[in-house]
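In: Give the three-dimensional model of this entry:
(chains A and B, ligands or ions: 2)
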Amino acid sequence: MPAQVAPHPPPTQPIQRLWQVLADGLQVQRLHLHLTEWRDLVEGAAPLPDSPDIHHADAFAARPVRSTSTALPDVAGLGFWLELPAKYGLVAAPSNPLTPAALGAGHAVIGDSSQTEWSEAVRCVVNAAAWWVGFFSVIRHRGVHHITLDQAKPDVSLATLSDAVTVVAFGTAIRVLEAHLSEAGESDESARSAYCRALAASVESERRMPGLLDELAELRLVDLVAASIPWRGQYTKYAGGTGAGQVE
Amino acid sequence: MARHPFVVIEGLDGTGKTTLRKALFRLWEGLYGITPLCLLTTNFLDATVAADIVTGKYSPSSDNRDRYMAAVAADKVATLDNLIRPALPDRPVISDRWMLSELAFFGVKHDLSPAETYQQLAGTVTQPADLTFVLDLAPEESIRRAGTRRGDATRADWDVLDVQARVRQIYTEVLAIPRAYPLLGDIVLLDGAANPAETLHLAWRALIDRGLVPALPASKDISA
Ligand SMILES: Nc1ncnc2c1ncn2[C@@H]1O[C@H](COP(=O)(O)OP(=O)(O)O)[C@@H](O)[C@H]1O
Ligand SMILES: [Mg+2]
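Out: Ligands and ions are numbered 1, 2, ... in the order given. Down below sits the predicted model:
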């Protein structure tokens, strides 16, 4: 090996990390813009007009169980991801039908390493993924089609929403593991292994992304899912100088 | 001057090269904050030989063999000059196929030994890869996998069992005497039958062991 191969870390923040910060801000903004609307629907426990599988809007509203004392989600920039569902999620609500998909993704990443700090953090962020996808699913019928910007959109099934949760959950698991490995270094073999499983899952889900976004069809859900995981379309919203973060 | 590595991924069609390339790309970008440049074994950067590449690859004959060899070499030189060397100070380069695939092609189509092909290419292509990963898998299985991909053209004179078995045999011959092929760099054999996450982990390990990935920053805390 030539002696000159001695890779340096990049001198400045990679642009992708800054786009991730912008994309996170967009989710926070949207949640607060539509909180009243969401509460009205959830408290009315009305059926969701465009999700025939869901008979009551409060199905998605349960507060996720936050069980971590680790700082890893904060280090990963995912503090808001746990805090907002903890703040606004309902205590007395049925269990979220999207949670199994979230936990399935978490389990696939964690494998046998369930007693670690990072695995506890992964479990928390994937759990919250079910709440976030659920939040935008509840108000989906009030949104617009992601391409035509029309009100008209096809109905969305629980299976599609579960796939969306799986993707978002893998994306948050990747961020937690990156935060952990950056802090702890690459000597943690079980974390390296889990990170490889999460990255392989992101490669695998790339195939599903165009179809999934098409089925979701609604701008806010599409933005949430598209920016959540590494794939070729993750930051197209920002890469051309188009999106500046703020909307609506 | 310090630079990043030039990494090559080789293997039969369907062994998982693209899958590993995408995963390594995400690893470098996500954990190390460095976006790699990905490229292929021919990149058509020398327009004067582009026609020879197409003819020599898809209609190989003894008449166009030498022109094809020269064209492949010229394209590699142009790729090194215009893409790889300019990229390496700032980012790693991951090439999906490079030298080993050419050795196999000339072996199968023109009955040239890998050593003969190597000698001809090494006359003009002088910069070695730092690391060549070779994904190894039984051709029965790699052909089956490649067939499950949609929108992929299969070539009757290439994507068939006897040809793929011959290609794998040439890989094996080369891997038996790696010192004879220094342009391949260090060679790391990976089991194509393992699952993609395990393969990624082994590949990452090989990069760590050789100092080809940067030291991790203490923290990349960007939360506010
Ligand atoms: N390790 C693996 N185990 C099982 N299937 C795999 C593996 N790696 C890749 N595949 C699948 O096999 C097919 C070919 O993989 P791909 O990465 O495109 O191979 P290549 O680029 O070498 O032709 C794809 O459908 C891919 O999802
Ligand atoms: Mg490929």
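In: contacting residues for the residue of chain B found nearest ligand 2?
Out: Taking C-beta to the ion as the measure, chain B has B:T18 as its residue closest to ligand 2, at 3.4 Å. (Glycine included, C-beta is placed from N, CA and C.) Going by C-beta atoms under 8 Å, 6 or more residues apart in numbering or on different chains, B:T18 touches B:D96.
In: per-residue confidence for it?
Out: Listed pLDDT for B:T18 reads 97.
In: any residue of the strand or helix carrying it up close to ligand 1?
Out: In this structure, B:T18 sits in helix B:17-31 according to DSSP states H and E. Yes: Helix B:17-31 comes into contact with ligand 1 (C-beta under 6 Å from any ligand atom), by way of B:17-19.
In: just the CA coordinates of that helix, formatted as PDB?
Out: Coordinates of the C-alpha atoms in helix B:17-31 are reproduced here as PDB (Å, rounded to 0.1, in the frame of the first residue of the first chain):
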ATOM      1  CA  LYS B  17     -21.000  -5.700  -6.300                       C
ATOM      2  CA  THR B  18     -23.600  -3.000  -6.600                       C
ATOM      3  CA  THR B  19     -25.100  -3.900  -3.200                       C
ATOM      4  CA  LEU B  20     -21.600  -3.600  -1.600                       C
ATOM      5  CA  ARG B  21     -20.800  -0.400  -3.400                       C
ATOM      6  CA  LYS B  22     -23.900   1.300  -2.300                       C
ATOM      7  CA  ALA B  23     -23.400   0.200   1.300                       C
ATOM      8  CA  LEU B  24     -19.700   1.300   1.300                       C
ATOM      9  CA  PHE B  25     -20.800   4.600  -0.200                       C
ATOM     10  CA  ARG B  26     -23.300   5.100   2.700                       C
ATOM     11  CA  LEU B  27     -20.800   4.100   5.200                       C
ATOM     12  CA  TRP B  28     -18.300   6.700   4.000                       C
ATOM     13  CA  GLU B  29     -20.800   9.400   3.600                       C
ATOM     14  CA  GLY B  30     -22.800   8.700   6.800                       C
ATOM     15  CA  LEU B  31     -20.100   7.800   9.300                       C
END
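In: which parts of it are buried?
Out: For helix B:17-31, burial by neighbour count (16 or more other C-beta atoms under 10 Å in any protein chain shown) applies to B:17, B:19-31.
In: can you check stretch B:207-216 too?
Out: So, applying 16+ other C-beta under 10 Å, buried residues of stretch B:207-216: B:207, B:210, B:212-214, B:216.
In: same check, this time on stretch B:130-150
Out: B:130-137, B:139, B:142-143, B:145-146.
In: Need the CA coordinates for that stretch. PDB is fine.
Out: What follows is stretch B:130-150, C-alpha atoms only, in PDB (Å, rounded to 0.1, in the frame of the first residue of the first chain):
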ATOM      1  CA  ASP B 130      -5.200   0.300  -3.100                       C
ATOM      2  CA  LEU B 131      -7.600  -2.600  -2.500                       C
ATOM      3  CA  THR B 132      -9.600  -5.000  -4.700                       C
ATOM      4  CA  PHE B 133     -12.500  -6.800  -3.100                       C
ATOM      5  CA  VAL B 134     -13.500  -9.900  -5.000                       C
ATOM      6  CA  LEU B 135     -16.900 -11.300  -4.300                       C
ATOM      7  CA  ASP B 136     -16.800 -15.000  -4.900                       C
ATOM      8  CA  LEU B 137     -19.900 -17.100  -5.600                       C
ATOM      9  CA  ALA B 138     -20.800 -20.200  -7.500                       C
ATOM     10  CA  PRO B 139     -21.900 -19.100 -11.000                       C
ATOM     11  CA  GLU B 140     -25.100 -21.100 -10.700                       C
ATOM     12  CA  GLU B 141     -26.200 -18.900  -7.900                       C
ATOM     13  CA  SER B 142     -24.800 -15.600  -9.300                       C
ATOM     14  CA  ILE B 143     -26.700 -16.200 -12.600                       C
ATOM     15  CA  ARG B 144     -29.900 -16.900 -10.700                       C
ATOM     16  CA  ARG B 145     -29.500 -13.700  -8.700                       C
ATOM     17  CA  ALA B 146     -28.600 -11.600 -11.700                       C
ATOM     18  CA  GLY B 147     -31.700 -13.000 -13.400                       C
ATOM     19  CA  THR B 148     -34.000 -11.800 -10.600                       C
ATOM     20  CA  ARG B 149     -33.000  -8.200 -11.300                       C
ATOM     21  CA  ARG B 150     -35.400  -6.400 -13.500                       C
END
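In: For that stretch, give the mean pLDDT please.
Out: On average, stretch B:130-150 scores 93.
In: Then stretch B:92-112?
Out: pLDDT averaged over stretch B:92-112 gives 98.
In: Now do it: distance from first to last residue.
Out: By C-alpha to C-alpha, to the nearest Å, the extent of stretch B:92-112 from end to end equals 32 Å.
In: Right, I'll leave it there.
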